[in-house]
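Peer 1: Just the structure for this:
(4 chains, ligands or ions: 2)
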Amino acid sequence: MNLEKTFEELKNKREGAHMPHVYLGDPHKEFSLKLIQTLVENGADILEFGIPFSDPTADGPTFQAVCERALENGVTPSKCIQGIKNLRDRGVENPIVVTTYYNIPYVMGVGTFMNRIREVGAQAVIIPNVPVEEADVLLAEGKRSSIHVIFQIAPTTTEDRLKKITDFASGFLYVINVEGVTGARESLDDSTLKLVQRVRRHTDMPLMAGFGISNKKQASNVVAAGADGAIAGSCYAKVYEKNLENPEETLPQIAQLVGQIKQGCIEGYRRR
Amino acid sequence: MNLEKTFEELKNKREGAHMPHVYLGDPHKEFSLKLIQTLVENGADILEFGIPFSDPTADGPTFQAVCERALENGVTPSKCIQGIKNLRDRGVENPIVVTTYYNIPYVMGVGTFMNRIREVGAQAVIIPNVPVEEADVLLAEGKRSSIHVIFQIAPTTTEDRLKKITDFASGFLYVINVEGVTGARESLDDSTLKLVQRVRRHTDMPLMAGFGISNKKQASNVVAAGADGAIAGSCYAKVYEKNLENPEETLPQIAQLVGQIKQGCIEGYRRR
Amino acid sequence: MKKKGKFGDFGGQYVNEVLMPILIELEAAFEKHYPTAEFQAKLNGLLRDYAGRPTSLYYARNFSELVGSKVYLKREDLVCGGSHKLNNTLGQALLTKEMGKTRLITETAAGQHGLATAMAGNVCQLETEVFMGVKDIKRQASNVKRIKLLGAKVTPVDIGMGVLKDAVSDTLRKWTTCSMTTHYLMGSTVGPHPFPEIVATFQSVIGKEIKKQILEKEGRLPDTIVACGSGGSNALGAFRPFIKEKDVRLIFVEGGGESLESDNNAAAFQIGKPGILHGALMQVLQDENGQIKPSRTRAAGLNYPGRGPEISFLGNSGRVKTGYAFDSQVFEAVKIMSKAEGLIPALETAHAIAYMVNHKEEFDKNELVVLNFSGRGDKDLETIMRYFHES
Amino acid sequence: MKKKGKFGDFGGQYVNEVLMPILIELEAAFEKHYPTAEFQAKLNGLLRDYAGRPTSLYYARNFSELVGSKVYLKREDLVCGGSHKLNNTLGQALLTKEMGKTRLITETAAGQHGLATAMAGNVCQLETEVFMGVKDIKRQASNVKRIKLLGAKVTPVDIGMGVLKDAVSDTLRKWTTCSMTTHYLMGSTVGPHPFPEIVATFQSVIGKEIKKQILEKEGRLPDTIVACGSGGSNALGAFRPFIKEKDVRLIFVEGGGESLESDNNAAAFQIGKPGILHGALMQVLQDENGQIKPSRTRAAGLNYPGRGPEISFLGNSGRVKTGYAFDSQVFEAVKIMSKAEGLIPALETAHAIAYMVNHKEEFDKNELVVLNFSGRGDKDLETIMRYFHES
Ligand SMILES: Cc1ncc(COP(=O)(O)O)c(C=O)c1O
Ligand SMILES: Cc1ncc(COP(=O)(O)O)c(C=O)c1O
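Peer 2: Ligands and ions are numbered 1, 2, ... in the order given. Purely as a prediction, here's the structure:
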């Protein structure tokens, strides 16, 4: 299924989308695949599939630790791309958005990278350290490979830039709820909700709100404020990192959490 | 007995004079007095009687330690002056030359100091840190109290200064054998002997050679070279400091040493 | 036309969207305020009276004899705080005030930049927070004490290897949470545009002075300028006014660590390749997949896997010759300079010295050389003494 | 007529005959070489290019606000090595070469002078030996390391209390054994004539610069100059060109230690009296019999029982006002200056700062004050940190 269709269907069902974010390979690849299966079976609509990087400067402590462990365990970009194929082979049909830092595609060759993820079935990329100003190559190769290049919008983004970004964006816009990095937070300000509303005035494109979402209520709030869905990542890692010896044991808890957050996305939509 | 007479008598006897140097109060006054009695009974002709000072910069490690101990034991300039009186009371008749650093008479008042040591029976002073240039007060008060002001001559002393010093000197001249501070040394250079000879060309005044003399041979050498006598000090302290608990036990050894050095002074004279 | 913030392909603004507006604001503020007479007056006043500029250009007679060329030392060790770092921090602190921000954050490895930031912060009455890898906190203990005594907050970074690379990452993260009120005072010619440009501009006071001083002393430009570096700020500061003077040879010396084998050095020009880290494309140590590798050298201030965009470009284009010195040569160089001229160099600076000592054949007899003496070795005293007692 | 080497009754040449000819030779050499164009050129060249002179005169805005006067700091902390000491050692090292001697000996307490001597020694290629009390060796460990790294010999002095007074005594003794080949590089305006004159002359570059700089900046002379001191070299350096300017108030701050009770301070002007020590008549701590008393202060560089002849005279004659600061005030002053201006002062310098902080009533609002910032606090970092963690 592609992104456009997913958003359309969810709209018809009057649901917000939920996109969990997972880095592959923590603590090992097989667990990551199972984790992703659990997520999609229990509420995830879209998957943000992270390729670990050594210096994930847009990520908070939870995902930093995740990347560090994954790299120690020998994960490579190629193994990650292979992981996407594995998911497709196992029947996961949800849209997959690949997230990584720019040095990974840069070193592989941006075109090669795009082609390879397209081939295994990904639909889009998020490269948090590439703003529109630096996105020429990314956009050109994305177009060539039919991979959406997702851009982010932040509370600091000016109206000027908002316009520029919406001009280039495709797939959806990633709305950063807070000034900061990824990581589960207790509460989200009104300012976040205002940002969603502000972006909505510029574009009809789907808006996925992320950063700091870790429970049903937060998901519900951002969707109620006009976002088309909610992204959550660190909150899942926070569950399984407590039991890295036997992470599979935490999957029921994660199944429950993803269900709740998805429920928040549904309820938020209906509260509009 | 006065200095002039002592030198005259020794000349008649064809002997060099021996002047041992003792600081009062180490490890206590009573021992110092006994030490001095031992010295004069066994060969000392003249006595260099030191008043300890806190910063004896012209003294080597042996006498520094001597001063430190004496001051710790509560010796004061007044107690020292009293000590001279005690010696006279006990029948010591040898000429006494008081040695100290200038701050001691300066603080007491140079005139007072001179009068007080004269009263108890001293004949001269040696203030090693007062060169002729700074000796106005010392010379004036010395004259007023009939106390000889002894000056030193060093290997570094120029002909010019030699002349100036011999002009002011009275009593005798203290010829410093070596560039350095007081302290027993193993051997004395030829240069020392040359210095004695050099000074002799300027003056008929008695010359006492000091610094670094610790045995009969050295004493003999300097007297043979033309000095009228030899000064030794640290070598005696070096004997008793080994037994500070019962320093009296070392007196026989000191008696022997002073006898030998005096013997050197005699033999040196006769070798001329 | 050269794209703004790019040096060839190097440079750029590879940052999170959160920071882009802040970088744009910073660039605008710099372009607005820096050229004004008022800003120049304030900056030059502080450089002169607070920092102690101009620093002298010292003809090192004894050292010259030793290496067989005519060597002048550009005495950045005389700058208040002990290194060139203050040239930049004073400038950025003034800029921070102009932007109406009230706090500074930064990272530091050798502690020199952290110290210089705290100093500039206090002069301009800005609150200062310094991120520092836990490993660097240990080995630069005296600078940590100084920073704390100045009242700045030192925040230990224990992610990764607990060194500079990790501290930069954490400072960037922190910045994304407070960039409205807080300026990230970048310490070298690294990071996203406009930082490399701002830092190089503030540091180029070094080279301007060199030019003036060497003309006064020798009536001509130097044959060669040698500087150590990592991000490149002291080197670019010295090089910039000479880049167009094609007859002036420029040599950049990086940390050779224990050996040129992987993971044992900080020699990005020797064994790194272009990559994107901390907001810019630069020459960087990395594996075949693009994962950044940690650097290793005893000189904390050179212990960074990347070369800043401008020096990356100059090194790769051949305008600047790149060299390196091994740790053991560096410690030897400290001793040589201490004995010859009574000056104890920083371990970083000692790389430039070691290069000259170990490559005498590259310098003609009586060649006129300016060695940028980027800092004094007080901060490294423990490390140096321990090295000589252990080895 | 004023007798040479005398300041009122103070001063003189109370030394062993062995040294007299050497002092006469030294005086002659100084009078012969110092005024020559050649010597001046060499000295000024080294002062400028090696030492980093002129040092700046920095308007300390934040500190001024704090004390309510207009305070300029004369930045001797910027001199190579971290204090004013090098002004003098470079001069004397050059003089040593002129005299054809090949070795330097000296003593040091804070280590600043020992370091400055080793530096000057290396520049002039003279062998250097530094006597240092065992207690000072411990508390100024970092400077000892620096001195050793420069290749100078550090000779521990364990007589007496193992502090400066004892080291001076031992250096004088040593000098009497080697004065033909060796120059005693006196570190302050103390000792027998011509040392106080030589040192004050070399240091008065400070005051000359102050005069020029304050006229440039303020168009008038300062109302007050404040300096810390023991022997008096940094103070006299700053004061000398102003002594005849009767409207310029001069304040000299000595070490108050823990209290003004005997044996707990270094406040010779407060509780000492004239006496003869180390070759000169000076204001000195002593008992009623004339035995010199040890001084006590946490600032090793002020830990000397005597005030040099010239400052003794100026203090006793009333031309210079004498004050003191207690250790606890001094540590507080370190913190205040660090926070206000980002400058960590030496503990010695902090005495002058503490005096201003604790005697605000003595300074008019907007009074123009020059505070001689004699040195930086790096050498005292351990002591300072320990103090604040203990107390
Ligand atoms: C003395 C000194 N030199 C050089 C450097 C390297 O920095 P850069 O490459 O920015 O000059 C440092 C960094 O801390 C330093 O302290
Ligand atoms: C920084 C500093 N200031 C002052 C002094 C005191 O010396 P003087 O009285 O000669 O200036 C010293 C002595 O070591 C010092 O290091």
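Peer 1: Contacts only, for the closest residue to A:His148 other than its chain neighbours.
Peer 2: Nearest residue to A:His148 in three dimensions, chain neighbours excluded: A:Gly171, at 3.1 Å (Cβ to Cβ, 6 or more residues apart in numbering or on different chains). The way it works is simple: take the backbone N, C-alpha and C, and place the C-beta from them, glycine included. Neighbour list for A:Gly171: A:3, A:97, A:123-124, A:148-150, A:205-206 [criterion: Cβ atoms under 8 Å, 6 or more residues apart in numbering or on different chains].
Peer 1: can you tell me which residues contact C:Phe239?
Peer 2: The contact partners of C:Phe239, taken as Cβ under 8 Å, 6+ apart, are C:207, C:225, C:227, C:250, C:252, C:314, C:320.
Peer 1: List just the nearest of those to ligand 1.
Peer 2: Each of the contacts of C:Phe239 was scored against ligand 1 by Cβ to the nearest ligand atom, and C:Ala227 proved nearest at 7.4 Å.
Peer 1: residues in contact with the helix or strand encompassing the closest one?
Peer 2: With the criterion set as DSSP states H and E, the secondary-structure element containing C:Ala227 is strand C:224-228. The contact list for strand C:224-228, computed with Cβ under 8 Å, 6+ apart, reads C:210, C:234-235, C:238-239, C:242, C:248-254, C:302, C:348-352, C:355-356, C:363, C:367-372, C:374.
Peer 1: can I assume C:Leu285 is in contact with C:Arg296?
Peer 2: No: C:Leu285 is not in contact with C:Arg296 according to Cβ atoms under 8 Å; the separation is 9.6 Å.
Peer 1: Just the contacts of strand C:224-228: which are in strands?
Peer 2: Applying DSSP state E to the contacts of strand C:224-228, the entries found in strands are C:249-254, C:368-372.
Peer 1: can you list these in a markdown table and add neighbour count?
Peer 2: Output for those, formatted as a markdown table (neighbours: other Cβ atoms under 10 Å in any protein chain shown):
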| residue | neighbour count |
| --- | --- |
| C:Arg249 | 19 |
| C:Leu250 | 24 |
| C:Ile251 | 23 |
| C:Phe252 | 27 |
| C:Val253 | 30 |
| C:Glu254 | 32 |
| C:Leu368 | 20 |
| C:Val369 | 23 |
| C:Val370 | 28 |
| C:Leu371 | 30 |
| C:Asn372 | 26 |
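Peer 1: Can you tell me which of those lies closest to chain A?
Peer 2: C:Glu254 (19.7 Å; Cβ to the nearest Cβ).
Peer 1: beta partners for the closest one?
Peer 2: On DSSP bridges, the residues paired with C:Glu254 through beta bridges are C:Tyr324.
Peer 1: ok, whichever residue of the stretch 1-150 of chain A sits closest to chain C - contacts?
Peer 2: When distances are taken as Cβ to the nearest Cβ, the stretch 1-150 of chain A approaches chain C most closely through A:Val107, which lies 3.3 Å from it. The contact partners of A:Val107, by Cβ under 8 Å, 6+ apart, come to C:275, C:286, C:288-290.
Peer 1: residue closest to the middle of chain A?
Peer 2: Residue closest to the average C-alpha location in chain A (Cα atoms, centre = their mean): A:Glu48, at 3.5 Å.
Peer 1: wait, isn't that one in contact with A:Thr99?
Peer 2: Yes: the pair A:Glu48 / A:Thr99 is scored as a contact, 5.3 Å apart, by Cβ under 8 Å.
Peer 1: Which neighbours do those two have in common?
Peer 2: Applying Cβ under 8 Å, 6+ apart, one finds that A:Glu48 and A:Thr99 are jointly contacted by A:21, A:126.
Peer 1: Please report how far the closest residue to chain A within chain C lies from ligand 2.
Peer 2: Proximity of chain C to chain A (Cβ to the nearest Cβ) peaks at C:Gly290, 3.3 Å away. According to Cβ to the nearest ligand atom, to the nearest Å, C:Gly290 stands 52 Å off from ligand 2.
Peer 1: next one: C:Leu381
Peer 2: Looking at C:Leu381 against ligand 2, where the rule is Cβ to the nearest ligand atom, the gap reads 17 Å.
Peer 1: Quickly find the element holding the closest residue to that residue other than its chain neighbours.
Peer 2: Take C:Leu381 and drop its neighbours on the chain: the residue closest to it by Cβ to Cβ, 6+ apart is D:Lys145, 5.2 Å away. Following DSSP H and E, one finds D:Lys145 within helix D:141-149.
Peer 1: mind saving the C-alpha coords of stretch A:236-246 as PDB?
Peer 2: Extracted in PDB, the C-alpha atoms of stretch A:236-246 (Å, rounded to 0.1, in the frame of the first residue of the first chain):
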ATOM      1  CA  TYR A 236       8.500   1.700  22.400                       C
ATOM      2  CA  ALA A 237      12.200   1.400  22.800                       C
ATOM      3  CA  LYS A 238      11.800   2.400  26.400                       C
ATOM      4  CA  VAL A 239       9.700  -0.700  27.000                       C
ATOM      5  CA  TYR A 240      12.000  -3.300  25.500                       C
ATOM      6  CA  GLU A 241      15.300  -1.700  26.600                       C
ATOM      7  CA  LYS A 242      14.300  -2.800  30.100                       C
ATOM      8  CA  ASN A 243      14.700  -6.400  29.100                       C
ATOM      9  CA  LEU A 244      17.400  -6.600  26.500                       C
ATOM     10  CA  GLU A 245      18.200 -10.200  27.400                       C
ATOM     11  CA  ASN A 246      14.800 -11.400  26.400                       C
END
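Peer 1: check contacts around residue 258.
Peer 2: This is for chain A. By Cβ under 8 Å, 6+ apart, the residues touching A:Val258 are A:18, A:20, A:38-39, A:42-44, A:236.
Peer 1: ah, no, chain C please
Peer 2: C:264-265, C:296, C:326-327.
Peer 1: and C:Phe30, how many neighbours?
Peer 2: The local packing count at C:Phe30 equals 22, with neighbours defined by other Cβ atoms under 10 Å in any protein chain shown.
Peer 1: Quick check, pLDDT for it.
Peer 2: With respect to pLDDT, C:Phe30 has a value of 98.
Peer 1: now check the host helix or strand of it, is it near chain A?
Peer 2: Mapping C:Phe30 onto the secondary structure by DSSP H and E places it in helix C:20-33. Yes: for helix C:20-33 and chain A, the contact criterion (Cβ under 8 Å from any Cβ of the partner chain) is met by C:20-22.
Peer 1: Could I get the buried residue list for that helix?
Peer 2: Residues C:20-27, C:29-30, C:33 are the ones in helix C:20-33 that count as buried (16 or more other Cβ atoms under 10 Å in any protein chain shown).
Peer 1: and the closest residue to A:Leu173 other than its chain neighbours, what is it in contact with?
Peer 2: By the measure of Cβ to Cβ, 6+ apart, the closest residue to A:Leu173 outside its immediate chain neighbours is A:Leu207, 5.1 Å from it. Residues near A:Leu207 by Cβ under 8 Å, 6+ apart: A:172-173, A:175, A:196, A:199-200, A:226-229.
Peer 1: In which helix or strand does the spatially closest residue to C:Ile353 that is not a sequence neighbour reside?
Peer 2: Leaving aside its chain neighbours, C:Ile353 sits nearest to C:Ala333 (4.1 Å; criterion: Cβ to Cβ, 6+ apart). Here C:Ala333 is covered by helix C:327-341, with elements defined by DSSP H and E.
Peer 1: In helices only, show me the contacts of A:Gly171.
Peer 2: Where those overlap with helices, as defined by DSSP state H, the overlap consists of A:Leu3.
Peer 1: just the strands in the stretch 1-150 of chain C please.
Peer 2: Per DSSP state E, counting those that start in this stretch, the stretch 1-150 of chain C has strands spanning C:6-7, C:10-14, C:57-59, C:70-75, C:103-108, C:127-133. These are given in chain order.
Peer 1: how about the fourth one, does it get close to chain D?
Peer 2: The one in question is strand C:70-75. Yes: Strand C:70-75 comes into contact with chain D when judged by Cβ under 8 Å from any Cβ, the residues involved being C:Arg75.
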